[in-house]
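Colleague: here are the coordinates; sequence isn't available:
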């Protein structure tokens, strides 16, 4: 399975939701679509693109993915 199937933006979006399994992730993203429509049209496009890819893959393919959010290590990092 090509682990580069998702864009960086899609991976970051996926990390906001329950990605423990494909069905939970799809439900979470679909549930958020109405919130993106008016306020964040770009986010809606990213979500719809991710959903198309998630719908096209099997649960086994999803389980084999490694999703890592992009982080640039910017100045807003807080050490604990």
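Modeller: Thanks, I have the structure now. Just so it is clear, the structure is predicted and the values come from calculations on it, not from any experiment.

Colleague: for this structure, which helix is longest?
Modeller: helix 22-39 (DSSP state H).

Colleague: From the chain's centroid, how far away is it?
Modeller: Distance, stretch centre to chain centre, for helix 22-39: 10 Å (CA atoms, centre = their mean, to the nearest Å).

Colleague: Quick one: distance of the helix or strand that it is followed by to the chain centre.
Modeller: Going down the chain from helix 22-39, the next helix or strand is helix 41-56, by DSSP states H and E. On the basis of CA atoms, centre = their mean, helix 41-56 sits 8 Å off its chain's mean C-alpha point.

Colleague: picking that back up, list the contacts of the longest helix of the chain.
Modeller: 13-14, 17-19, 43-44, 47-48, 50-51, 54-55, 57, 59, 62-63 (CB atoms under 8 Å, 6 or more residues apart in numbering). (C-beta placed from N, C-alpha, C; glycine too.)

Colleague: just the buried members of the residues you listed?
Modeller: By neighbour count, with 16 or more other CB atoms under 10 Å, those hold 13-14, 17, 19, 43-44, 47, 50-51, 54, 62 as buried.

Colleague: Touching, residue 59 and residue 21? I think so.
Modeller: Yes: counting by CB atoms under 8 Å, residue 21 is a contact partner of residue 59 at 6.9 Å.

Colleague: quick one, what contacts residue 59?
Modeller: Contacts of residue 59 (CB under 8 Å, 6+ apart): 21-23.

Colleague: just residue 15 next, same as before
Modeller: Counting by CB under 8 Å, 6+ apart, the residues that residue 15 touches are 67, 69.

Colleague: For it, give me the pLDDT.
Modeller: Listed pLDDT for residue 15 reads 92.

Colleague: next one: residue 35
Modeller: Value listed for residue 35 in the pLDDT field: 87.

Colleague: Now for it, how many residues are close by?
Modeller: The local packing of residue 35 (other CB atoms under 10 Å) involves 12 other residues.

Colleague: middle-most residue in the chain, spatially?
Modeller: residue 14 (2.0 Å; CA atoms, centre = their mean).

Colleague: Quick check: which element contains the closest residue to it other than its chain neighbours?
Modeller: Closest residue in space to residue 14, ignoring its immediate chain neighbours: residue 67 at 5.3 Å, by CB to CB, 6 or more residues apart in numbering. Using DSSP H and E, residue 67 sits within no helix or strand.
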